[in-house]
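> Just to be clear, the model below is a prediction. Sequence and coordinates:
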Amino acid sequence: MLVYLIRHGATAGNLEKRYIGRTDEPLCNAGIDALQGISAPDCDHLIASPMRRCIETAGILYPGQKPVLCSMLRECDFGDFEGKNHADMDGDPVYQAWIDSGGMGDFPHGESPSAFKARCISGFQMLMAGMDGTSAFVVHGGTIMSICEAFHGGEFYTYHLPNGGIFRADWDGERLTDLERL
């Protein structure tokens, strides 16, 4: 089966390099403009995170096609880091400890990376179990990195996509193969 993993368009928080997970931000004008220049791949099944930025992205890329919403594909809850960027937290020892962990430590008062990844992986597997044909997932950067790391191998951050970025892959029921950036 053919799978497209599409990162939502840019929000104001994305442009300011803020940790935006549970915050339900809309797309910003620049994000909307950038998406209008993307030719979305055809799909039989459209799936999206229930966050506003993903629903809006799906509506721009797939007008008239209603996505199936899956809360398991939401972005990570960044806890105390939510809504902040590096400049806001520079000098904070808790943030520095997280940086020193290679970005893999727990978020204070947020979701642990392992719980976040497990949630995303489980949601993807659940949805793919009932699919045939081509599926497009309009989700978050962290969600995409979690799915690709689990089902294609390699390191989490190697699968970072810019806003509006797309991966194409084949799904054999257990693995993503022939993964490529479009």
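Yep, it's here. Residues are numbered from 1 along each chain as shown.
> quick one: buried residues of the biggest helix by length in the chain?
Ranked by residue count under DSSP state H, the longest helix found in the chain is helix 113-129. Neighbour counts over helix 113-129 (16 or more other C-beta atoms under 10 Å) mark 113, 116-117, 119-121, 123-124, 127-128 as buried. (Each C-beta comes from the backbone N, C-alpha and C, glycine too.)
> Show me the contact partners of that helix.
For helix 113-129, the surrounding residues in contact (C-beta atoms under 8 Å, 6 or more residues apart in numbering) are 1, 3, 47, 68, 70-74, 76-77, 104-107, 135, 137, 142-143, 146-147, 149-151, 156, 171, 173.
> Can you report phi and psi for Y4?
phi -120, psi 130 (degrees, to the nearest 10).
> quick revisit: which is the next helix or strand following the longest helix of the chain?
strand 135-139 (DSSP states H and E).
> so after that next one, what's the next helix or strand?
Next along from strand 135-139, by DSSP H and E: helix 141-152.
> Pull the distance from that next one to the chain's centre.
Distance, stretch centre to chain centre, for helix 141-152: 8 Å (C-alpha atoms, centre = their mean, to the nearest Å).
> same check, this time on stretch 128-143
Distance of stretch 128-143 from the chain centroid (C-alpha atoms, centre = their mean) equals 11 Å.
> just stretch 76-84 next, same as before
With C-alpha atoms, centre = their mean, you get 15 Å for stretch 76-84.
> end-to-end on it?
The first residue of stretch 76-84 is 14 Å away from its last residue (C-alpha to C-alpha, to the nearest Å).
> From the rest of the structure, what touches it?
With C-beta under 8 Å, 6+ apart, stretch 76-84 has contacts from 13, 18-23, 89, 94-95, 98, 107-111, 113, 116, 142.
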